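[1] Here is my input; please provide its structure:
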Amino acid sequence: MQWFQGDVSEAIQKAISEQKMFIVFVRDDKEESQKMEELCNSDEVKNICTDDLCVAINITVDSEAGQQFGAIYPIAFLPCTFFIENDGIPAAIFPTMEKDKFVEKTEELMAVVRKLKIGESQKPASEAQQQDSPSETTSSDAVGNKEPTNSTSASEEELTKKEKADLLILKAKAKKAQKEKQEAREREQKRRDEGRELSHARRDLAERQAKQLADDLAKRREEERAARERVKQQIKQDREDKVARFEAEKKAREETKQQKVAKKDAEKEAKAQAVKAARDAAARIQFRLPDGSTSYKQFPSDAKFIVVVNHVTKELAPHIPIVRLTTVYPKHEYTQEDHSKSLRDLGLSPNASVIVSHGRASSSSSSSLNPISILMTVLAPLLALIYWFFSLFKSTPTTTTPNDAPSAQQQEPSSISTNDHRDASVRRRNLGGGSNIRRLYDDKPDDEDNATWNGNSTQQM
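    As a prediction, this is how the structure comes out:
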C-alpha cells in the first residue's frame, strides 16, 4: 500500500472528499505485525490498493493516533486492517491471515470501490441528459400550447396533415421524455436503495466477521487456557506421583536398612554374648613379678584363689619367702580370707593383672624371731652419732665402715632375698664372662617392688 504521509485528520478529509476507501493498519511490536506490514507493502497489494481508490495509513496501537482510533473503533486483535467507507462504517476488518486470502479479500473490496467510482462518473452525464429532455418537453409543450391556440383561433379543418403529423410527433416525444425521466428517477432511487442495502449488508457482514473473529479468538484462548490447565494438572500429578514413589522407595530403603542394622546388631549381640560366655568361662591372669617380667596363666573362672597362690609360690616365685598379691584396679590386696573365694567372685574373670611382690611378716612374729633387730634398732641412733663424730676427723670418708654390718642387719629377710634376686638378675644381664663391658648397677632398693600398677602396665601415682 501507498501509505499517506500526512496527519490522520488530513487522510480522513481526503478520503471523504475524493470518495475513496479509508484503510487503517493497526500494529504492535510483535513478529506477526511485522509480517502483515511486509504483506501490505508487497507489490501485489500496492497494485490493488492504488491512490485513486483508497487512502491508507499505518499506526501503532500505543501511539496517540492509535489510542484515538481505538476509542472510536474497538480493536479486538492485533495486527488488524480496517476498510472504512465514507459514511464511517467499516466495510471489513482483517486480522492476521495468509497472503493469498488477504489479497483476494482486498481485491473484492477494491472492486466494489471501483464500481462505485464508475457509477459516480456516469451520474453527471445522465443528469445532463435529463436536463436536455425537459427543455425539449418544454418546447413541445409550448408548441402544443401554441397549436391549440392557433387551432382555436382558426378552425380545425384548415390544419394540414403535415401539421397533424408534427403534433403527434411532439406529443410522442414529450411522452417519451416524461417516461425516460420517470425511469431515470426510478433507476436513481433503485441505485440509492441498492447502495443503502449494500452498505447495510457490508456493515452486517463486517459485524458478523468481527463477531466471528472475536468468538474464534475467545474460543481459541479458552482452548489454550484449558490446554495449559490440563498440562499444569498433569505436571502436578506427575510431581505428586514422583514424590509418592520417592517416599515409598525411601521408606522401603529405610525399612531394609533398619532390618539390616537390626540383623547386624543381633549378630553382634550374639557374638558378644558368645565371646562373653567364652571369656567368662576362663580367667586369664597376668602376673607382674618383682624383676619386671610378666607371666600369663589361664584358670577356670570357678577355680578358688588358692590355686593362683599355689601357682605363684611354686612356679613363678618359689624364692620369695612371703608373697604379696595385689591388684591395681580395683585396688585390693589379697589375704588369707580370699583363698576360698572363686576367681569370678573376686573380679578376676575374664582377665586381670596381679602384681607379685615381697610380703612382710607381722610385728609379733618379728619381735619373737628377731631380737637382734630390736637391739640394733635401739643402738642405731648411738651408732649414727659415733659415725658422724669419726667422719669429722677423716679427709675422705670410706665407702665401707663397721657400721655397715649393723645397718645391713636391720633389713628384713624379705629384703635380703630381694637383693639376692637382684644380684642374680644383674649377673644374667652381663654380656659375657670374658668381656670387659659391664653394666652399672644401683644397689639402692627399688621403689617399684612395692609400687602399685594399673591394668595397662603403667605405675599408679
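[2] so what's the closest residue to Leu198 other than its chain neighbours scoring on pLDDT?
    Among residues not flanking Leu198 along the chain, Val112 sits closest, at 7.8 Å (Cβ to Cβ, 6 or more residues apart in numbering). For every residue, glycine as well, the C-beta is placed using N, CA and C. At Val112, the model reports a pLDDT of 81.
[3] Which SSE is immediately downstream of the helix or strand in which Val112 is found?
    Secondary structure from DSSP states H and E places Val112 in helix 99-153. For helix 99-153, the succeeding helix or strand toward the C-terminus, using DSSP H and E, is helix 161-281.
[4] tell me what that next one is packed against?
    Under the contact definition 3 or more Cβ pairs under 8 Å, 6 or more residues apart in numbering; DSSP states H and E, helix 161-281 sits against strand 90-94, helix 99-153.
[5] gap between the residue nearest to Leu198 and Lys99?
    To Lys99, Val112 is 21 Å away according to Cβ to Cβ, to the nearest Å.
[6] list the contacts for Thr106?
    Applying Cβ atoms under 8 Å, 6 or more residues apart in numbering to Thr106 gives the contacts Val45, Ile48, Cys49, Phe94.
[7] Can you redo these as JSON lines, where the extra columns are distance to His319, neighbour count and pLDDT?
    Compiled in JSON lines, those are given as follows (distance: Cβ to Cβ, whole Å; neighbours: other Cβ atoms under 10 Å; pLDDT from 0 to 100):
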{"residue": "Val45", "distance to His319": "131", "neighbour count": "19", "pLDDT": "85"}
{"residue": "Ile48", "distance to His319": "137", "neighbour count": "19", "pLDDT": "84"}
{"residue": "Cys49", "distance to His319": "136", "neighbour count": "22", "pLDDT": "84"}
{"residue": "Phe94", "distance to His319": "128", "neighbour count": "20", "pLDDT": "85"}
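[8] give me the number of residues near Glu337?
    8 (other Cβ atoms under 10 Å).
[9] Look at it and give its secondary structure.
    Classification of Glu337 by DSSP: H, G, I helix; E, B strand; the rest coil places it in helix.
[10] wait, what's in contact with it?
    Per Cβ under 8 Å, 6+ apart, neighbours of Glu337: none.
[11] if we go to 10 Å?
    Applying Cβ atoms under 10 Å, 6 or more residues apart in numbering, we find Glu337 in contact with Phe305.
[12] quick one on the thing from earlier: comparing the helices and strands packed on helix 161-281, which gets the lowest mean pLDDT score?
    helix 99-153 - the lowest mean pLDDT of the helices and strands packed on helix 161-281, at a mean of 60.
[13] Quick one: mark the members of the contacts of Thr106 that sit in helices.
    Val45, Ile48 (DSSP state H).
[14] can you list the contacts of Thr106 in a markdown table and add distance to Glu10?
    Shown next, in a markdown table, are these (distance: Cβ to Cβ, whole Å):
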| residue | distance to Glu10 |
| --- | --- |
| Val45 | 22 |
| Ile48 | 23 |
| Cys49 | 18 |
| Phe94 | 24 |
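[15] Could you list the low-confidence segments of the protein?
    Within the chain, the segments meeting pLDDT under 70 span 118-168, 170-171, 279, 361-373, 376, 380, 384, 387, 391, 393-461.
[16] what residues go with each domain of it?
    8-97, 282-358 (the TED database).
[17] tally of neighbours for Leu343?
    22.
[18] now swap in the one 10 residues further on and tell me
    Summarising burial for Ser353: neighbours were counted as other Cβ under 10 Å, giving 20.
[19] Tell me the bridge partners for it.
    Gln286 (DSSP bridges).
[20] Verify the contact between it and Tyr329 for me.
    Yes. In this structure, Ser353 is within contact of Tyr329 by Cβ atoms under 10 Å, at 8.4 Å.
[21] what sits up against stretch 215-224?
    Outside stretch 215-224, the residues touching it (Cβ under 10 Å, 6+ apart) are Ala76, Phe77, Pro95.
[22] Out of those residues, grab the one that's most surrounded.
    Pro95 (19 neighbours).
[23] residues touching that one, list them.
    Contact analysis of Pro95 by Cβ under 10 Å, 6+ apart lists 32, 36, 76-81, 102, 209-210, 213-214, 216-217.
[24] PyMOL command to pick out the buried ones of those residues?
    Buried residues among the contacts of Pro95 (16 or more other Cβ atoms under 10 Å), as a PyMOL selection:
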select buried, resi 36+78+79+80+81+102+209+210+213
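[25] from the contacts of Pro95, which is closest to Asp238?
    Nearest to Asp238 among the contacts of Pro95 is Leu217, at 31.0 Å by Cβ to Cβ.
[26] For the closest one, give its distance to Ile59.
    Applying Cβ to Cβ to Leu217 and Ile59 gives a distance of 21 Å.
[27] With Val112 instead?
    For Val112, the distance to Ile59 - Cβ to Cβ - is 24 Å.
[28] Then Lys20?
    Distance from Lys20 to Ile59, by Cβ to Cβ: 18 Å.
[29] Compare the two (neighbour count), which wins?
    Higher neighbour count among Lys20 and Ile59: Lys20, with 22 against 18, using other Cβ under 10 Å.
[30] what's near enough to touch that one?
    Lys20 makes contact with 11, 14, 50-56, 85-86, 113, 116-117, according to Cβ under 10 Å, 6+ apart.
[31] of those, buried ones?
    Among the contacts of Lys20, those classed as buried by neighbour count (16+ other Cβ under 10 Å) are Ala11, Leu53, Cys54, Val55, Ala56, Glu85, Asn86, Val113, Leu116.
[32] Quick check, the last one in contact with Glu194.
    It stands for Leu116. No. Under the criterion of Cβ under 10 Å, Leu116 is not in contact with Glu194, lying 11.1 Å apart.
[33] Closest one of the contacts of Thr106 to Thr313?
    Looking across those and measuring by Cβ to Cβ, the closest to Thr313 is Phe94, at 125.2 Å.
[34] Show me the beta-bridge partners of that closest one.
    Here Phe94 sits in beta bridges with Thr81, going by DSSP bridges.
[35] What distance do you get for it to Leu53?
    16 Å.
[36] Kindly report the same for Glu247.
    Distance from Glu247 to Leu53, by Cβ to Cβ: 72 Å.
[37] now do Gln178
    Plainly put, Gln178 is 38 Å away from Leu53 if you go by Cβ to Cβ.
[38] want to throw the domains of the chain into a markdown table with distance to Gln273?
    Formatted as a markdown table, these follow (distance: least, Cβ to Cβ, whole Å):
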| stretch | distance to Gln273 |
| --- | --- |
| domain 8-97 | 80 |
| domain 282-358 | 13 |
